[in-house]
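Peer 1: Just a sequence and a predicted model for now, questions to come.
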Amino acid sequence: MSGHGPGDAGLRADRVGRRTDGRIIVDGITFAPRPGETVGLLGPNGSGKSTLLRLLAGVLRPTAGVVSLDGRPLSEAGRRATARRIATVEQHAHTQTELTVRDVVALGRIPHRRAWAAASSADARAVTAALERTGLTDRAAQSWHTLSGGERQRTQIARALAQEPRELLLDEPTNHLDIQHQLDLLDLVAGLPVTTVIALHDLNLAAMYCDRLLVLKEGRAVAEGSPASVLTPSLIARVYGVRAEVTHGPGHPVVRFLRRGGEAPVRPVRGTPGTPPGRP
Amino acid sequence: MSLRATLLTSTGLLALAASVAVAVTIGPADISTADVWASVAAHAGLGESGLAPLRDGIVWNLRMPRTLLAAVCGAGLALCGAVMQSLLRNPLADPFVLGVSSGASTGAVAVVVLGVGGGALSLSAGAFLGALLSFGLVLLLSHSLGGSTDRVVLSGVAAMQLFSALTSFTVLTSADAETTRGVLFWLLGSLAGAGWGEVALCAAVLAAVLVVCLGHARTLDAFAFGEEAAASLGVRVARARLVLLCATALLTAVLVSCAGAIGFVGLVLPHATRALTGSGHARLLPVTALAGAVFLVWVDTAARTVVDPQEVPVGVVTSLLGVPAFVAVLYRDRRKA
C-alpha cells in the first residue's frame, strides 16, 4: 500500500470484481466518490449496482481487486470500524420485531457502543440529531409497523445518520414510493453533508440530484461523469436498449423516452383530441 | 441500566424468591409452612429445624431441588427461546428448533430401550449425547446449505423429523409397556427426577450462557432487520451466529437431559415479556429468564399437586397453558403478517 496520501482519502474501489457461482456479477470496477458529493449509480436490472454497493460497504468480499477506506483495505479495517464510517440503506427493510422509530434509529449506535456499556450521552445526541434532520422527531415513539413506505425509508436514513458516517450508500431507496415521497427523500439525501452513493432507476431523478453518475452494464462501468456528459441518447440506447431524447435546459438534462414504433408517437385515438403519450 | 429495567429486574427477582418460598411449602406430604422454612433455614446454616429426618428430607432433598430445577429450566428455556427468535428472525422459533430435543429423545430411548452403552450411560447422558449429535448434524447441514437463518431452521426441521421417527420406531418395536410409559413421561418433560446434582449442573450452565447472551445483547438487536443489516452495523454475522447457536444449544441440551423436553416455555414467555420490556435485548433477556423461572415454578407446582396423587408431566401442563397464549401472540402479530 502506498500509505495515507491525500489521494487515498475516502472510499475507493480498485478493479473490484465479484463472482458468484462462476457468474461474474461485478467486473473490474475502479471508482472513488469525491468527499461530499452525491454519486448516482445507474444501470438496468442485474447490472451489478446492488452488488457494487455491498462490496463498497464491506458486507460482501470482492473476489478480485480491493475496496479501501482512506487507503486501508476494508478486509483489514474490521467490521465495527467500517460501520462507524460507512452506513447503508437497503431497498426494502423488513422486520418482525416490534420497534419504535427511536428504537430503529438507535440501532445506528451499535457500532459505536461496547458490549455491556449503557448508552452514552453522545449516543442520545446522535439519535436526537438524526431524528431532527429527517423530520421524525414527532414520530419517535411511533411503531415501525404503522409507518408508510416513505416514512420507513426516512427512518432507515435516520438510522444511517445516527451511525455518523462519512459515506452513505443507498440501494434504490425510492422504489415503491410515490413521486412526492421520491422527491422528498432525494431532497433529504442530496442535502446531507456526507459522501453519498445512490443506486437509482429513474434517469431524470438521477440527473436532478446527483453531482456525478456511474453507469453499469453487465457488471462493468461503461460511463462516468456529470449527468450532462453521461446521459446521451447513444449511451441510453447502448445500456438500456431504448430510444430517448435528451434536452439540455438550464441546470440538469432531461431525458424523454420514445416509443419503439417510431418517432414521437402520434395518432391520437379517434374521438379523443388528446396529448400524445409521454411528456405533453 | 435504566430505571425501568432495574425495576423490572428487581421485581422479577423478588417474584422468583417469593414463588420458590411458597412453592416448597406445597405438596402431598402434610408439613406446615413454618416447618418447611425452618428446615430450609437449618440447611442454610441458620439454627436447627427439629424436624424428623424423613420430613426434613422431603423438604430439602425432594421439594427444594425440584422447585429450583423448575426455576432454572424455566429461565434457561425462556432465554434460549428469546435468543432463537431474534437470531433466526422467526417468531415461531423455540429452543427446540435446532433438533436438540428430538435428538435427546432418541439418545434417551437408545439408552433405556436398546441398552446402548451397556449400563454405563444414564438416561440423561444418553439424552445429552443425542442432543449434541442432532445439533451437530443441523449445524453441518445448514453450513453446507450456505448457513443463512432459513437454512438453519429448515435443517432443524429435517433433524426433528428424522429423530422423532427414530424415537417412535425404537419405542414401538422394542419397548415393553412399562418402559414405554416411563419414556413417554420423560419425553413430555418432567421435573420429578430432580436432585441437587441436576440443579448445580443446570444452574452453572445457565449462568455461563446467560453471560454470553447478555454480552451479545446489542448484536441481537442488530439482527432486527436481517443479517446483512446486522453486518452493515458492524456485526461479524457468521461468528456471532455460531457462538449464540452453540451456547443456546448447549444449555438446551443440558436442560433437556435433566428434565425432558418441556414445551412452550421457550416459545411463549419471550413474546409475553417483550410486551413488557420492548425488544431491546439488554432488558429483554434477563426479564424473560426471570419470567420463565417464575412461570415454571408455578406450573410444576400445579403439575405435581392438581391431580393428586397422580402426577402430570409438566410439559403437558405448559402446553395446555401455552396453546391459548400462543394463539394470543399470533392474534397480536397479525398486522405484521
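Peer 2: That came through, no problem. Residues are numbered from 1 along each chain as shown, chains lettered A, B, ... in the order given.

Peer 1: switch to C-alpha atoms for all contacts and neighbour counts from now on
Peer 2: Will do.

Peer 1: now stretch B:313-325: mean pLDDT?
Peer 2: The average pLDDT within stretch B:313-325 is 84.

Peer 1: mind listing what's buried in that stretch?
Peer 2: B:Pro313, B:Val314, B:Gly315, B:Val316, B:Val317, B:Thr318, B:Ser319, B:Gly322, B:Ala325 (16 or more other CA atoms under 10 Å in any protein chain shown).

Peer 1: Likewise for stretch B:140-160?
Peer 2: So stretch B:140-160, judged by 16+ other CA under 10 Å, has buried residues B:141-142, B:147, B:149, B:151-160.

Peer 1: what do you get for stretch A:35-49?
Peer 2: A:Gly36, A:Glu37, A:Thr38, A:Val39, A:Gly40, A:Leu41, A:Leu42, A:Gly43, A:Pro44, A:Ser47, A:Gly48, A:Lys49.

Peer 1: Kindly report the same for stretch A:206-219.
Peer 2: Under 16+ other CA under 10 Å, the buried positions of stretch A:206-219 are A:206-219.

Peer 1: okay, how far is it across that stretch, tip to tip?
Peer 2: 19 Å (CA to CA, to the nearest Å).

Peer 1: now stretch A:92-99
Peer 2: When the termini of stretch A:92-99 are compared using CA to CA, they are 16 Å apart.

Peer 1: Dihedrals phi and psi, the nearest residue to B:Val24 once chain neighbours are set aside?
Peer 2: Nearest residue to B:Val24, sequence neighbours excluded (CA to CA, 6 or more residues apart in numbering or on different chains): B:Arg63, at 5.6 Å. Note on B:Arg63: backbone dihedrals following degrees, to the nearest 10 are phi -70, psi -40.

Peer 1: Could you check the pLDDT of B:Arg63?
Peer 2: 92.

Peer 1: how close does it sit to B:Leu296?
Peer 2: Distance from B:Arg63 to B:Leu296, by CA to CA: 14 Å.

Peer 1: Who has more neighbours out of these two?
Peer 2: Neighbours per residue, other CA atoms under 10 Å in any protein chain shown: of B:Arg63 and B:Leu296, the larger number sits with B:Leu296, 29 against 23.

Peer 1: And the more buried one, how far from chain A?
Peer 2: With distances taken as CA to the nearest CA, to the nearest Å, B:Leu296 is found 25 Å from chain A.

Peer 1: can I assume that residue is in contact with B:Ala70?
Peer 2: Yes - counting by CA atoms under 8 Å, B:Leu296 touches B:Ala70, with 5.5 Å between them.

Peer 1: Right, and chain A sits closest to which residue of the stretch 51-200 of chain B?
Peer 2: Per CA to the nearest CA, B:Arg89 is where the stretch 51-200 of chain B lies closest to chain A, at 7.2 Å.

Peer 1: which residues touch stretch A:123-134?
Peer 2: Outside of stretch A:123-134, the residues within contact range by CA atoms under 8 Å, 6 or more residues apart in numbering or on different chains are A:102, A:105-106, A:109, A:137, A:140, A:154-155, A:157-159, A:161-164, A:188.

Peer 1: Repeat the analysis, applying 7 Å as the threshold.
Peer 2: A:Val105, A:Ala106, A:Arg109, A:Thr137, A:Arg154, A:Ala158, A:Leu161, A:Ala162 (CA atoms under 7 Å, 6 or more residues apart in numbering or on different chains).

Peer 1: Closest one to B:Val235 out of those, please.
Peer 2: A:Arg109 (12.2 Å; CA to CA).

Peer 1: The closest one should be in a helix, yeah?
Peer 2: Yes - the assignment for A:Arg109 by DSSP: H, G, I helix; E, B strand; the rest coil puts it in a helix.

Peer 1: and of the contacts of stretch A:123-134, the nearest to chain B?
Peer 2: A:Arg109 (8.3 Å).

Peer 1: and whichever residue of the stretch 1-150 of chain A sits closest to chain B, what does it touch?
Peer 2: Across the stretch 1-150 of chain A, the shortest distance to chain B (CA to the nearest CA) belongs to A:Arg80, at 3.9 Å. For A:Arg80, the contacting residues are A:Pro111, B:Gly234, B:Val235, by CA under 7 Å, 6+ apart.
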